[in-house]
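Enquirer: Any chance you can model this:
(2 chains)
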Amino acid sequence: MIIKFITMNGHGIYVWFSFSIVFISCAVFYLKTRKTLRKYENDFLVDLQNLPAEEKNKALGTSKVAQQILAANSKMN
Amino acid sequence: MFKFFSSSNVYSLIQKLINFINSIFFLILIIGLTFALHLSPPDYVQGDSVRIMYVHVPAAWLALACFSSITFLSILNFIFKIRNFYFINKSIAPIGLLFTCLAIITGSLWGQPTWGTWWVWDARLTSMFVLMLFYVFYILAFKLLRKEELIIKVSSIIAIIGSINIPIIKYSVEWWTTLHQPASIKIIGSSSIHPAMLLPLLVMLLVFLLYGALIFLMKYKTEIIRIKKKNLKRL
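Expert: Numbering: from 1, shown residues only, chains lettered A, B, ... in the order given. Next comes the predicted model:
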């Protein structure tokens, strides 16, 4: 039964290859997108930390996005 | 109403949506794969190679849907100059390109056991190849050009010209004699696909939709951070 499931009456190679290509390319694309997102989040935090205290407080006070990135980062850490 | 669409509200909504998709994605993927690879019946002519349909068709549908959305938003952006549409299009385009490439590759893998050839330059296959080229040109406009105004102009022109290809893809199997089979699923009129195959197809379409939405949200989130980072430098 397992052999039949794998070979699919001679069509297995086409079916498994199709699903594998889709799965691998989607996974690679997802990981690449996530890596870029993380990089931008970290770069943003580095820029925020490098600001003088007054400007940093101003940025955190006016930008909710900055607050959320900071909160998400401290949660991860 | 407009306050709701502020970047901070959109940003937190994106995070909630990403978490929601992450929580249900693998369950739906497993259900879809179980149906597609095991529970759905083989075709009486094509045998088990018909299972390739469960990845090929959703990829092709979403490739067309992505380009149609890009065209629609490009026209709106051209008229109303809404900057957000530029970022939305920038986030959608790579997903559309990925799905187009997957539709072409899986179609080729389906073609070999069904037609006895990997590729023929018939109307459907060629028009899909042209769609891929339009996606490549569209993304290159973002990569190669520097001025945002110029990018909007060039990319909108590419999208509007490329949209001519969308009905050609859809009706190519009816207008010309092609190796590709006619549409089995119709929105208007009765579909010729058996419900035992339609259900797995719809589940796999949902999987692809969720995956596309997840990537789009992550890319859009990256764009928001990029803008905020620029604003930070201006302080």
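
Enquirer: Which strands and helices lie in contact with the worst-scoring helix or strand of chain A on mean pLDDT?
Expert: Ranked by mean pLDDT, DSSP states H and E, the weakest helix or strand in chain A is helix A:64-76, scoring a mean of 75. Packing partners of helix A:64-76 (3 or more C-beta pairs under 8 Å, 6 or more residues apart in numbering or on different chains; DSSP states H and E): helix A:12-50, helix A:53-62, helix B:7-34, helix B:195-234. In this view, the C-beta of every residue, glycine as well, is placed from N, C-alpha and C.

Enquirer: Can you tell me which of those helices is nearest to B:Asn77?
Expert: Smallest distance to B:Asn77 across these (C-beta to C-beta): 14.5 Å, for helix B:195-234.

Enquirer: Please point out which parts of stretch B:172-179 sit buried.
Expert: B:Ser172, B:Val173, B:Thr178, B:Leu179 (16 or more other C-beta atoms under 10 Å in any protein chain shown).

Enquirer: Show the pLDDT at the first one.
Expert: At B:Ser172, the pLDDT value in this model is 89.

Enquirer: Show the contacting residues for the spatially most central residue of chain A.
Expert: Centroid-nearest residue in chain A: A:Arg34, 1.7 Å away (criterion: C-alpha atoms, centre = their mean). Listed by C-beta atoms under 8 Å, 6 or more residues apart in numbering or on different chains, the contact set of A:Arg34 reads B:Met218.

Enquirer: Kindly report the same for B:Ala159.
Expert: B:Ala159 makes contact with B:Phe67, B:Ile70, B:Thr71, B:Ser74, B:Asn89, B:Phe134, B:Tyr138, according to C-beta under 8 Å, 6+ apart.

Enquirer: same question, B:Tyr86
Expert: Contacts of B:Tyr86 (C-beta under 8 Å, 6+ apart): B:Asn77, B:Glu148, B:Ile151, B:Ile152.

Enquirer: Quick check: pLDDT value at residue 43.
Expert: If you meant another chain, say so; for now it's chain A. The model's pLDDT for A:Asp43 equals 91.

Enquirer: my question was about chain B
Expert: For B:Asp43, pLDDT reads 90.

Enquirer: got it, and B:Ile187?
Expert: Looking at B:Ile187, the pLDDT reads 69.

Enquirer: any idea how far B:Met128 is from B:Ile75?
Expert: To B:Ile75, B:Met128 is 23 Å away according to C-beta to C-beta, to the nearest Å.
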